[in-house]
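Colleague: Okay, here's the prediction I keep looking at, along with the sequence it came from:
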Amino acid sequence: MRQSSVSHVNSNSKEGRMSNRHRGTGVGLAVLAVAAAALIAVAAAAAGGTRQAACGDVILNENSWTGSTANVYVVKNVLENKLKCKVKVLNITENQPSFQAMADGKIDVVLEDWDNTLVPSNKKYVTSKSVINVGGNGITGVIGWYIPRYVLKQYPSFKTWKGLKGKESVFKSPESGSQGMFLGGDPSYVQKGRALIEELGLNLKHVVAGAESAQVARWTQLYKQKKPVLFYWYDPQYLNAAYDLVRVQLPKRFKGCLDDEKLKGKHACEYPSYGLDKLVSGEFAKSGSPALKVIKKFSWTSADQNFVANLISGKKMPKDKAAAAWVAKNKAKVNAWLK
Amino acid sequence: MSAITEAPIVASVVSHVPWWRGKLVQVGAIIGVMWLAYSGWKADYPWPNELVWNNLELRLDAIQAYLIDTRLEGDGGVVFTLFDGFRLFADNLVTWFNDLLIWLTWIGTTVVGTLLAWRFGGLRAGAWALAAFASFALSGLWAESMETLALMLAAVGLSILVGVPLGIAAGRSARFNRALRPFLDAAQIIPAFAYLMPVVLFFSIGYAAAVVATMIYAIPPCIRITALGIRRVPVNTVEAAASMGATGSQMLLKVQLPMSRRMLLLGLNQTILFALSMVVIAGLIGGGGLGAVVNNGLTTNPALAILAGIVIVIMAMALDRITEAVADRTDPTKRHLDTAARRRLRVESIVVAAASIGTVVVAKAVGVSGDFPDLAGVRQRTVTAQEWLLGQIQKVLDYVADPTTWVFQITEAVGNFILTKLLLPLQAFLVEAPWFTTLAGLVLIAFVVSGLRPAITTFFMLFLIGFIGVWALAMDTLSQVLVATIMAVILGFGLGVWASESRTVSGVMRPVNDVMQTLPQLVYIIPFIYLMPVSIVPGIVAAVLYAFPVVVRLVERGIKDVAPQSVEAAGAFGATRWQILRKVKIPLAGDAIMLGVNQGIIMVLAVVVIGGLVGSGGLGYEVAQGLVRGQFGQGVIASIAILALGIALDRVTQGARQARKEEVA
């Protein structure tokens, strides 16, 4: 834009000087000048048109769970195809590293944050406006104790935690001895398995399974053999489509019930449900990028996310293709983000 | 139990005096008393709360908060400014390498890389380079490979730049060497997960942070091996040079460095392998490339994570073999250049330069892109072999994840047996026995095995562990570390001896060692969990597989380096091969073997966090959780405990080595 307007001025002044010397060619030159001006105007209009939509670079952060991948690649697809943004995807580990990255302007957007903004050591990032919460992504995260449906069928009382009492040994494994085995979750997730077992007085042994992929290996092997298993799990998760799981009801939430095992107090209640938030960096929020509007409006359902996640992880489809498949099917939803 | 009693047996193989009987009996008696205390007061006496520094975690968290505040307020003072300078430098360096590799186009990079390797390293080196580039292209991970290659070139280069001078200094001054050692131990043992947070605070995320994290892990072996090389230059040579009036710098440049050449090269190779083993962790903080593919693939597409892991291994092996070949060819003691050879080399150089420039010019003119394949997206899957490769890997994964196969019937039973009959009892013994009998017992064992000083060190380290409030977790981890170390040492010792006696075994072991040292552990341990779905065992397997190559390498090197005169002398007396090995070679290689044991312990501890990620619990899980849940203090405390265990174990084995030396003498 700036370039073309400069050349416009130049060509005008040149034309003016020339016309004094050669009147005869003046008409021709005038025509040329008009044509040039028209061309420049058209170019300028075109440039102006693209500038309005020019979005520049947007850096999205993809976390290590498939739901996050689904968010990122669908938004990437929309930003690239509708706004012509240049989207870059980074894989920075969640919590403090990605918060610092946002403060440094290295990540613009996180599309699914499970309450990391509430972690005490991260408060400063929020209060200093380095990291800004721009609302939920439409999905409610649920955490709890899960069992396969075939177990519930055999033991209908396992619908609630009270039904587990006295029958814990159903879940026994070689490593839990006479007790029942409870498989803990990924170290990055909020957990209070040990506290719940103790405060509810259950005869369960808390077994640490490690990272999510390791934990999945553990419980899916038992599932495939139709053996009983009780474990920490969450939703939305694409595996929930392939494995029929049921959540065991824990005691209702009460005032003062804690979710962090490390804090002293009472923990014997259900995990809260998490409104999953979108975060943008302070810099990106100020940039006025048209992508910001789309990201603020981006919102979908667990079913949507699981659909894409299942294409990627279940059907092993390339991420971009899976996102494109969903976008093609859900034009109305996508258009709502673009309004 | 068996963990502790077996250690002296290993040592006894080396020596042939019957002193160990006494020690074995003593150790057995101590364990017996500990066992009685354990059976009598099971879980009655956990580490007392009065002896715990309860505020430590809060203090550490406060440090983190202070750092974050200072960082966010913008004006970070001198320290942050200094770090910022390095950050810009490292960021730019990696970006520059990466841009160069992309700018050359994929054809250009392949041709230039292969020709350079051929010119300076010979035909085999050229073939390795070509094979590596082919694997980057076929796997469909070209751009990622270039990013990782750029990162590694920068990280290895900077590690050498820092490590070699420090190593030389440590080699020439025993005092400096002693002062440096605790830092080297710390850098190698403290899990990267624990210092990722400060690294990110000081260097933000991105290449610089990735380079720093990699350097912290890759510099220690560079320093250690360089120092060892300088120290091993024969004293009489140094004295001869000194008597002829050599100055300090002459001594270094003309005597010590040339004579320790082979050791310096081993240092370079180990630096490369250690750096490549950090690719995945670097991926967590912005290293990108193959590391990010592995991290993301573990949950979204395990086959892709494995493929990226294999590419990392190929890159490591290619870099290793090429640098080795280059070093070999430029070795002045082997190179006797006549005029004809010089002329041939000059012609080769011109051909390489011309072909490189020509290829790049043509490729740029035709419009070959920096990424392979040229048409990203649509044709990708038909041009590369990625789809086929992923399909093959997936087939294996599907088989592994199927609990109806006969393989699973065996592995599950084996896993359950090891866990319930060996690991859980040992864990319960160390965790639940009264803290004072465990503390006293372990210190006494240290005393019996290796003397007073190591026993004092052990006492302080164990007390420190209790004092920072992680006694139970540390005992849990100790039980696993003991088992893993013993297995790694037995396996490594056996294979190392075998490799020293057999060319074939040696030839087979080298690539196996390389793979085990650089293949990201999670990519093969997660599938392994499907076969052995129990806790702890997979973590032990990961630790053993990561640690035994070092033992193999040092044992093999040590036995091969035994002076030929001794072997010939024994042969002249009519000793059989087996006798020579047992009575001459192994005792004479004792030092190298015990160094192998020490390095084995360090490597086992280095993957404690990986264990935490695959169900071992203990300190490793705490460290991993500290990072991902933003609990800095928790991660640091668990790391200190891991380091304390490492120092205690290291000093005890070092001491055992000293004690045995004295007895032999």
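Modeller: Yes, it's here.
Colleague: which residues touch the nearest residue to A:Asp244 once chain neighbours are set aside?
Modeller: Nearest residue to A:Asp244 in three dimensions, chain neighbours excluded: A:Arg149, at 4.3 Å (CB to CB, 6 or more residues apart in numbering or on different chains). In short, each C-beta sits where N, CA and C put it, glycine included. For A:Arg149, the contacting residues are A:244-246, by CB atoms under 8 Å, 6 or more residues apart in numbering or on different chains.
Colleague: pLDDT score assigned to A:Arg149?
Modeller: A:Arg149 is assigned a predicted lDDT (pLDDT) of 97.
Colleague: A:Val248 versus that one, what's the distance?
Modeller: 12 Å (CB to CB, to the nearest Å).
Colleague: The stretch 101-250 of chain A against chain B: which residues are in contact?
Modeller: A:101, A:103-104, A:106-107, A:116, A:119-122, A:124-125, A:128, A:130, A:174-175, A:187-188, A:207-215, A:217-218, A:220-222, A:224-225 (CB under 8 Å from any CB of the partner chain).
Colleague: could you redo the last one with a cut-off of 7 Å?
Modeller: Neighbours of chain B within the stretch 101-250 of chain A, by CB under 7 Å from any CB of the partner chain: A:101, A:103-104, A:106, A:119, A:121-122, A:124, A:128, A:130, A:174-175, A:187-188, A:207-214, A:217-218, A:221, A:224-225.
Colleague: In helices, which of the residues you listed appear?
Modeller: In helices, defined here by DSSP state H, the members of those are A:101, A:103, A:124, A:212-214, A:217-218, A:221, A:224.
Colleague: which regions of chain A lie under the pLDDT threshold?
Modeller: A:1-53 (pLDDT under 70).
Colleague: circling back to that earlier point, let's have the ones in helices among the residues of the stretch 101-250 of chain A next to chain B in TSV, adding neighbour count.
Modeller: Below are those laid out as TSV (neighbours: other CB atoms under 10 Å in any protein chain shown):
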residue	neighbour count
A:Ala101	27
A:Ala103	22
A:Lys124	18
A:Glu212	24
A:Ser213	24
A:Ala214	28
A:Ala217	27
A:Arg218	24
A:Gln221	21
A:Lys224	15
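Colleague: ok, back up a step: so can I have CSV of the contacts of A:Arg149 showing neighbour count and secondary structure?
Modeller: CSV is the format used below for the contacts of A:Arg149 (neighbours: other CB atoms under 10 Å in any protein chain shown; DSSP: H, G, I helix; E, B strand; the rest coil):
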residue, neighbour count, secondary structure
A:Asp244, 11, coil
A:Leu245, 21, strand
A:Val246, 17, strand
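Colleague: Please identify the helix or strand for the closest residue to B:Leu522 other than its chain neighbours.
Modeller: Excluding its sequence neighbours, the residue lying closest to B:Leu522 (CB to CB, 6+ apart) is B:Leu298, at 5.9 Å. Assigned by DSSP states H and E, B:Leu298 falls within helix B:289-300.
Colleague: any idea how far the residue nearest the centre of chain B lies from chain A?
Modeller: The residue lying closest to the centre of chain B (CA atoms, centre = their mean) is B:Phe274, at 5.1 Å. Separation of B:Phe274 from chain A (CB to the nearest CB, to the nearest Å) stands at 21 Å.
Colleague: coming back round to it: what comes into contact with the helix holding B:Leu298?
Modeller: The contact list for helix B:289-300 (CB atoms under 7 Å, 6 or more residues apart in numbering or on different chains) reads A:62, A:64-66, A:69, A:91, A:212-213, A:312-313, B:141, B:144-145, B:147-148, B:151, B:279-280, B:282-284, B:304-305, B:308-309, B:311-312, B:520, B:522-523, B:526.
Colleague: 6 Å - rerun?
Modeller: Contacts to helix B:289-300, defined as CB atoms under 6 Å, 6 or more residues apart in numbering or on different chains, come from residues A:64-66, A:69, A:91, A:213, A:312-313, B:144, B:147-148, B:279-280, B:282-283, B:304-305, B:308-309, B:311-312, B:520, B:522.
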